[in-house]
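**Q** my questions concern the predicted model and sequence given below.
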Amino acid sequence: MDVTLNGCMKRLAGIALFSMAANAATAQPPAPETRLEYLSVDEINQRMDRGQLNAVTLVRHLLQRIERLDKNGPAINAIIELNPDALAMAESLDRERKGGYIRGPLHGIPVLLKDNIDTSDQMQTTAGSLAMVGEPAAQDAFIVQRLRAAGAVILGKTNLSEWAAFRDPGLPSGWSGRGGQTKNPHLLSGDPCGSSSGSAAAVAAGFAPLTVGTETSGSISCPASMNGVVGIKPTVGLLSRSGIIPVTHKLDTPGPMARTVRDAALLLNAMVGSDAADPVPRPQNLDTVDFTALLRPNALVGRRIGYPAKFDRSNLPLLTDPQFSKALELMQAAGATLIPVELIAPVSERVEEALHMGIKRDLPRYLATRTGVPAKTLEDLLLFNAPNSEGHNQDTLIAASKVVFDEQTYNQLWQKIQSENAAAIDQLLATHQLDALLSDVASPAMNVVPLAGYPGIMVPSGIDDDGVPTSVYFFGPRWSDARLLALAYGYEQVSHARRTPAFKP
């Protein structure tokens, strides 16, 4: 399952020493990308405002690109299904714009959704499982309602590790029975990571400017890193989970995936809202927060950021991530104060059992909302999969079906796990008076952050000698999403580290 993040761990290679040189050279920005498929949301809006582009033209271009590169050519296989209504939606939104009505920054902007997010249209919502193919969902997920209201064009659904990587621990990252195997567009033979592999690969490959993934533990962060894009894993509860196929509501969250921090923040803005069906205690002002408001080039100035002590040059270790060392140099040169810290992952017992209990509690409740599909219960799902295994097991689902569930035990278990992991982060923040923490992908943070329910943002830091992207991970306390976005943006502006995929074999 995605808790281990073993895909991220495999790709670390090379040796580097951390130089804290104050005069570190700032990376030069790459030449502006002018092709339609790599335009930012702001660039698309500017062209639309000038009458140089419309939503129909953009959607047609992306559909042609998907046909050429996702279904043919390198066959990335990131798209599990295209929306037959996409062009009609684009035409309607173009008419609104021509009439002077613009809903906001996402008006006419194509968005791809992970195939575990309900849409009440002609598309399926299956979590990549053949057991869920049948009638579409009865209504849109809450975040999809928000996206439609914001004027987004729902372009299609993305592939994923089946059942969000919780079908079986041996399931290949990015594989589903319905969608097949997603490839990493940077290195086709490489690991796309899971479970939001399709969402990450699609936005990296220029199939849409924005995609939505989901995470229980690592399913946004790891594919964002491996595919070289920005991934926001929000504080659990910031975004509604209604209408999303669950693992456990204790950890589950949707999140934006995009090529830039600002694009991801614009997508986050559109999806935030109060959902009575997902009652999580939240600060009252969150629904009115503009997550782009703090995005300034000098956002790192005066900020105290903790980073893994193994990168402290005074210890002179043999390091395995030269791009991370370079990122530290750039942040210090941009005005950040960097503090070496040691994040110790708590020995949280019974995490696997707690996840199995979550599946047994939450998945049947979701299945009961669906009609016209083979799996109406967890038992139906197991029976369907048995003769339709395609060589893959379903040990996680079997274990979930057998676990003894008790609501009080379940809540107590998760309260202990989450509080232990939250305390590990909170203690570092308080002890060192930090604004946030920074991690490489080999850090315990990759497990501690999701188990705490805290926010994290993955941002590209470059590419390694094999052509695989590298990343840095900003994380912090509950509800610090806007602050983390500001720091991530500040780093992005001095690093210019994202690379366009080369579709290398």
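**A** Okay, I see it.

**Q** residue 324 sits in which helix or strand?
**A** Take DSSP states H and E as the rule and residue 324 turns out to sit in helix 322-333.

**Q** for that helix, packing partners?
**A** strand 337-341, strand 436-439, strand 456-463, strand 469-475, helix 481-495 (3 or more C-beta pairs under 8 Å, 6 or more residues apart in numbering; DSSP states H and E). Glycine gets a C-beta too; all of them are placed from N, C-alpha and C.

**Q** export the shortest one to CSV, keeping only CA atoms.
**A** Going back to what we said before, that points to strand 436-439. Taking Å, rounded to 0.1, in the frame of the first residue of the first chain, the C-alpha atoms of strand 436-439 are listed here in CSV:
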residue,chain,number,x,y,z
ALA,A,436,7.6,25.1,8.5
LEU,A,437,9.6,22.0,7.8
LEU,A,438,11.3,20.7,4.7
SER,A,439,12.0,17.2,3.7
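
**Q** after it comes which helix or strand?
**A** helix 445-452.

**Q** quick check: bridge partners of residue 117?
**A** On the basis of DSSP bridges, residue 117 is bridged to residue 244.

**Q** count of neighbours near it?
**A** 27 (other C-beta atoms under 10 Å).

**Q** for it, what are its contacts?
**A** 125, 141, 143-144, 157, 212, 214, 243-245, 254 (C-beta atoms under 8 Å, 6 or more residues apart in numbering).

**Q** quick revisit: of all the helices and strands packed on helix 322-333, which one is nearest residue 367?
**A** strand 456-463 (29.6 Å; C-beta to C-beta).

**Q** which other residues reach the closest one?
**A** So strand 456-463 is contacted by 186, 220-221, 224-225, 228-233, 261, 264, 323-324, 326-327, 445, 449-450, 469-475, 484-485, 488, 491-492, 495, 497-499 (C-beta under 8 Å, 6+ apart).

**Q** who touches stretch 481-491?
**A** Counting by C-beta under 8 Å, 6+ apart, 230, 232, 234-235, 238, 261-262, 264-265, 268, 289, 291-301, 303, 305, 327, 330-331, 334, 336, 435-436, 455-457, 459, 472, 474-476 sit against stretch 481-491.

**Q** any of these buried? List them.
**A** Buried members of the contacts of stretch 481-491, counted by 16 or more other C-beta atoms under 10 Å: 230, 232, 234-235, 238, 261-262, 264-265, 268, 289, 291-292, 294-295, 299-300, 303, 305, 327, 330-331, 334, 336, 435-436, 455-457, 459, 472, 474-476.

**Q** returning to that earlier point: okay, and which of the contacts of residue 117 map to helices?
**A** Counting by DSSP state H, those place 143-144 in helices.

**Q** now, which of the contacts of residue 117 sits nearest residue 95?
**A** Distances from residue 95 to the contacts of residue 117, taken by C-beta to C-beta, are shortest for residue 144, at 21.6 Å.

**Q** I figured that closest one was touching residue 111, is that so?
**A** No: Residue 144 lies out of contact with residue 111 (C-beta atoms under 8 Å); the separation is 9.2 Å.

**Q** where are the low-confidence patches of the stretch 151-300 of the chain?
**A** Scanning the stretch 151-300 of the chain for pLDDT under 70 picks out no residues.

**Q** all helices of it, in order?
**A** Here the stretch 151-300 of the chain has its helices, by DSSP state H, counting those that start in this stretch, at 197-204, 221-227, 261-271.

**Q** what about the last one, distance to the chain center?
**A** Translated: helix 261-271. 12 Å (C-alpha atoms, centre = their mean, to the nearest Å).

**Q** same for that helix, what does it pack against?
**A** Other elements packing on helix 261-271 under the criterion 3+ C-beta pairs under 8 Å, 6+ apart are helix 41-49, helix 142-149, strand 210-215, strand 230-233, strand 253-258, strand 456-463, helix 481-495.

**Q** go again using 10 Å as the cut-off
**A** Judged by 3 or more C-beta pairs under 10 Å, 6 or more residues apart in numbering; DSSP states H and E, helix 261-271 is in contact with helix 41-49, strand 110-114, helix 142-149, strand 210-215, strand 230-233, strand 253-258, strand 456-463, helix 481-495.

**Q** would you put the C-alpha positions of that helix in PDB?
**A** Listed next in PDB are the C-alpha coordinates belonging to helix 261-271 (Å, rounded to 0.1, in the frame of the first residue of the first chain):
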ATOM      1  CA  VAL A 261       2.400  26.300  -7.200                       C
ATOM      2  CA  ARG A 262       0.100  29.100  -8.300                       C
ATOM      3  CA  ASP A 263      -2.000  26.800 -10.600                       C
ATOM      4  CA  ALA A 264      -2.300  24.400  -7.700                       C
ATOM      5  CA  ALA A 265      -3.400  27.200  -5.400                       C
ATOM      6  CA  LEU A 266      -6.100  28.400  -7.900                       C
ATOM      7  CA  LEU A 267      -7.400  24.800  -8.100                       C
ATOM      8  CA  LEU A 268      -7.500  24.600  -4.300                       C
ATOM      9  CA  ASN A 269      -9.400  27.900  -4.100                       C
ATOM     10  CA  ALA A 270     -12.100  26.500  -6.400                       C
ATOM     11  CA  MET A 271     -12.600  23.300  -4.400                       C
END
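
**Q** biggest helix in this protein, by residue count?
**A** helix 407-431.

**Q** about what we covered before: with neighbour numbers in mind, choose between residue 144 and residue 111.
**A** residue 144 (28 against 25).

**Q** my read is that the more buried one contacts residue 212, right?
**A** Yes: Residue 144 lies in contact with residue 212 (C-beta atoms under 10 Å); the separation is 8.6 Å.

**Q** where do the contact lists of these two overlap?
**A** 111, 113, 117, 152, 154, 244, 254, 271 (C-beta atoms under 10 Å, 6 or more residues apart in numbering).
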